[in-house]
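Undergrad: task: produce atomic coordinates for the following.
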Amino acid sequence: MPEFGQILGIEGTAWNLSAALFDRDLLALCSRPYLPEQGGIHPREAAQHHASAMKEVIGSILKQPDKVTGIAFSQGPGLGPCLRTVATAARSLALALNVPLIGVNHCVAHVEIGSWATGCRDPIVLYASGANTQVIGYLNGRYRIFGETLDIGIGNALDKFARAKNLPHPGGPLIEAQAKSGKYFELPYTVKGMDLAFSGLVSAAKDSKKPLADVCASLQETAFAMCVEVTERALSLTGKCEVLLVGGVGANARLQEMLKTMCEERDAQFFVPERKYLGDNGAMIAYTGKLMLESGQSSAIEKSQVNPSFRSDEVEVTWKHEVVCDADPGKISSDGQKRGAEAVVSFRNGRAIKQRLTKQYRAPSLDRKLIMERTRAEARLIHAARKGGVPTPIMIDITHDSIVMEEITGTILTCALTEAHCEEAGRMVGRLHKACIMHGDLTTSNMILSDRDGRCVLIDFGLAQATSEIEQRGVDIHVLFQTLESTNPQKASVFKSAFIQGYTQTFNQAADVLTREHEIELRGRYL
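TA: Numbering: from 1, shown residues only. A predicted model of the protein is given here:
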């Protein structure tokens, strides 16, 4: 891998214009944030701010232009006017200095600078910023998105609430300060498999008549618990053993505490970089640009157009290699237990006892409520699914936190992906949706190919719902398709086609649901 000298990185996707120089370490960093007088970020005003401050920001760190061997810039995702302003400056500098230009994905840059600053090797990443909320992990040459917000980013959610309460921008630090003296009360908690949504939570918080400190505390506890739950689910699904927190919202001490607690419960390591690397900063663009250039990636001027919806899983990661992890997400421990994201399953005398675990990172009343509701709902919906012709375990007993059922021996679909098995899974899910049930966590790890008869048995109805809505069924299919993309990207399209073939055989509304799934996939996540 060739060595390059100093890389100049320019970041300006939204509110913060920042530039940095990087060679083997960070040499210089300068930032000039745009702070609106009122309300949120205005894209054109932010772009005008970036244009007016560009010369000062770059000039303050670029003292020896002849030592610069590459210009990196944030190519997306972000606000179009801001991205274009930064890209124009980067192109001009690259041409003037006659050095390569490198377009950098903003999300990937957060992950890379966080990994560099903390020393972690192969983490599940919670990327929590103003416009983005994603759970990301490296797999097969790309950063895969295991889960993400279905509407707005966590930072935007906090800012929307803050504006409604006449708190100045940015609202996150003020909400955090208020929350320290507040008491938790129940607000809407929306996790849909590997994805989550904040709009309903924000609306309820804005409408609440409770004291401001209590609303702030409850908003934080609810939103952060949702983020940590999805992060834990990805950790369980992949078998990785590190968690990295990045993004501006990552500066919140309560979010850090919750993630640390979750990691301690799962014997995983938790990492968070120092504050200057959490928010948007030029160092992350310069460092990632250096990695890309050293691995042979650069951007021709004519192909350096910005991309406001640039997803991290679109980037070919040529500078990173697979890290072998000893953990096996489907392994049964020596004491006869299998641990998932939410529960421990024990196996005795042909029975499986699924017991939901207390989550110390969640508010106690929220935790008790979720455990009881999900246990009861799971029992009801297992019964309803079986009645609708879906292979499920037979239940034997139920308590407030446990379900005793028959043990299903076999192989999880994750470890046995074939076209035939995916088609059978499609038929099963078609019958499930025909029975007006959405699974809520429709991943390949929740489908077992039975040793007894080869049927695809559906397990773990903990997030299932009784619904006839096309939207909810579409989310179900979207979660499954995301899992197929993450676990076997090379053959994901083949497996999807096989699944669709089986799905349409048993469900007469399949076409409508698949159309909605495509719409869900195309929805902007960076607004």
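
Undergrad: please report how far Phe198 lies from Ala204.
TA: For Phe198, the distance to Ala204 under the criterion CB to CB, to the nearest Å works out to 11 Å. The C-beta positions use only the backbone N, C-alpha and C, and glycine is treated the same way.

Undergrad: who has more neighbours out of the two?
TA: When Phe198 and Ala204 are compared for neighbours, Phe198 comes out ahead with 27 against 16, by other CB atoms under 10 Å.

Undergrad: how about the strands in the stretch 401-527 of the chain?
TA: With DSSP state E, counting those that start in this stretch applied, the stretch 401-527 of the chain shows strands at 402-406, 410-412, 437-438, 447-450, 456-458, 465-466, listed in chain order.

Undergrad: make a markdown table from those strands and add distance to Leu370 and mean neighbour count to it.
TA: Written out in a markdown table, the entries for the strands of the stretch 401-527 of the chain read as follows (distance: least, CB to CB, whole Å; neighbours: other CB atoms under 10 Å):
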| stretch | distance to Leu370 | mean neighbour count |
| --- | --- | --- |
| strand 402-406 | 15 | 18 |
| strand 410-412 | 24 | 16 |
| strand 437-438 | 17 | 27 |
| strand 447-450 | 23 | 21 |
| strand 456-458 | 21 | 24 |
| strand 465-466 | 14 | 14 |
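
Undergrad: those: which one's closest to Tyr503?
TA: Comparing these against Tyr503 with CB to CB, the closest turns out to be strand 456-458 (12.3 Å).

Undergrad: and that closest one, what's its mean pLDDT?
TA: In this model, strand 456-458 has a mean pLDDT of 94.

Undergrad: elements contacting that strand?
TA: The criterion is 3 or more CB pairs under 8 Å, 6 or more residues apart in numbering; DSSP states H and E, and the helices and strands that strand 456-458 contacts are helix 419-434, strand 447-450.

Undergrad: show me where the stretch 151-300 of the chain has strands.
TA: In chain order, the stretch 151-300 of the chain shows strands spanning 191-192, 195-196, 242-246, 269-271, with DSSP E, counting those that start in this stretch as the criterion.

Undergrad: please enumerate the helices of this structure.
TA: Chain-ordered helices for the chain, with DSSP state H as the definition, fall at 43-59, 80-97, 106-118, 154-164, 172-179, 199-207, 212-238, 253-265, 282-294, 364-387, 419-434, 470-487, 492-506, 510-522.

Undergrad: is Ser402 bridged to anything, and to what?
TA: The residues listed as beta-bridge partners of Ser402 by DSSP bridges are Gln355.

Undergrad: packed most tightly, which of the strands of the stretch 151-300 of the chain would that be?
TA: Between the strands of the stretch 151-300 of the chain, the one whose residues have the most neighbours on average, counting mean count of other CB atoms under 10 Å, is strand 242-246 (a mean of 27).

Undergrad: quick check: mean pLDDT across it?
TA: Here the mean pLDDT over strand 242-246 is 98, rounded to a whole number.

Undergrad: parallel or antiparallel, list what pairs with that strand.
TA: Strand 242-246 has these partner strands in its sheet, going by DSSP bridges: strand 124-128 (parallel), strand 269-271 (parallel).

Undergrad: where's the first one relative to the chain centroid, distance-wise?
TA: So the one you mean is strand 124-128. The gap between the average C-alpha position of strand 124-128 and the chain average comes to 6 Å, counting by CA atoms, centre = their mean, to the nearest Å.

Undergrad: show me which positions of it end up buried.
TA: 124-128 (16 or more other CB atoms under 10 Å).

Undergrad: pipe those into JSON lines and attach pLDDT per row.
TA: As requested, the buried residues of strand 124-128 are arranged in JSON lines below (pLDDT from 0 to 100):
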{"residue": "Ile124", "pLDDT": "97"}
{"residue": "Val125", "pLDDT": "98"}
{"residue": "Leu126", "pLDDT": "98"}
{"residue": "Tyr127", "pLDDT": "97"}
{"residue": "Ala128", "pLDDT": "96"}
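
Undergrad: can you tell me which of the strands of the stretch 401-527 of the chain comes nearest to Gly296?
TA: Proximity to Gly296, assessed across the strands of the stretch 401-527 of the chain by CB to CB, is greatest for strand 410-412 (37.5 Å).

Undergrad: what's that closest one packed up against?
TA: Secondary elements touching strand 410-412 (3+ CB pairs under 8 Å, 6+ apart): strand 447-450.

Undergrad: ok, and what's touching the strand it packs on?
TA: Among residues not part of strand 447-450, those counted as contacts by CB atoms under 8 Å, 6 or more residues apart in numbering are 391, 408-413, 416, 421, 425, 428, 455-459.

Undergrad: let's go with 6 Å and repeat that
TA: When contacts are taken as CB atoms under 6 Å, 6 or more residues apart in numbering, the neighbours of strand 447-450 outside the stretch itself are 408, 410-413, 416, 425, 456-458.

Undergrad: quick revisit: need the helices of the chain in CSV (columns: mean pLDDT and distance to Thr444).
TA: Conversion of the helices of the chain to CSV gives the following (pLDDT from 0 to 100; distance: least, CB to CB, whole Å):
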stretch, mean pLDDT, distance to Thr444
helix 43-59, 93, 39
helix 80-97, 96, 36
helix 106-118, 97, 24
helix 154-164, 94, 27
helix 172-179, 95, 36
helix 199-207, 96, 28
helix 212-238, 95, 9
helix 253-265, 97, 23
helix 282-294, 96, 31
helix 364-387, 94, 18
helix 419-434, 96, 8
helix 470-487, 88, 5
helix 492-506, 96, 9
helix 510-522, 90, 16
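
Undergrad: tell me which of these is the most buried.
TA: Between those, the one whose residues have the most neighbours on average, counting mean count of other CB under 10 Å, is helix 282-294 (a mean of 28).

Undergrad: centre of the chain to it, how far?
TA: 22 Å.

Undergrad: can you check stretch 386-397 too?
TA: Between the mean C-alpha location of stretch 386-397 and the chain-wide mean there is a distance of 32 Å, by CA atoms, centre = their mean.

Undergrad: likewise stretch 468-485?
TA: For stretch 468-485, the separation from the chain centroid amounts to 16 Å (computed by CA atoms, centre = their mean).

Undergrad: CA atoms of that stretch as CSV?
TA: As requested, C-alpha coordinates have been extracted for stretch 468-485 and formatted as CSV (Å, rounded to 0.1, in the frame of the first residue of the first chain):
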residue,chain,number,x,y,z
SER,A,468,-53.8,-5.7,8.3
GLU,A,469,-51.8,-2.6,7.2
ILE,A,470,-49.9,-2.8,4.0
GLU,A,471,-47.3,-0.5,5.5
GLN,A,472,-46.5,-2.8,8.4
ARG,A,473,-46.2,-5.8,6.2
GLY,A,474,-43.9,-3.8,3.9
VAL,A,475,-41.7,-3.0,6.9
ASP,A,476,-41.6,-6.8,7.7
ILE,A,477,-40.4,-7.6,4.2
HIS,A,478,-38.0,-4.7,4.2
VAL,A,479,-36.3,-5.9,7.4
LEU,A,480,-35.9,-9.4,5.9
PHE,A,481,-34.4,-8.0,2.7
GLN,A,482,-32.0,-5.9,4.7
THR,A,483,-30.9,-9.0,6.5
LEU,A,484,-30.3,-10.9,3.2
GLU,A,485,-28.3,-7.9,1.9
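
Undergrad: contacts for that stretch, please.
TA: Contacts to stretch 468-485, defined as CB under 6 Å, 6+ apart, come from residues 192-194, 433, 436, 438-439, 442-444, 492, 495-496, 512-513, 516-517, 520.

Undergrad: map the structural domains onto the sequence of this structure.
TA: When the chain is parsed into structural domains using automatic domain parsing, the resulting residue ranges are 6-112+278-314, 119-275, 337-522.

Undergrad: quick one: closest of those domains to Lys320.
TA: Nearest to Lys320, of the domains of the chain and by CB to CB, is domain 119-275 at 6.1 Å.
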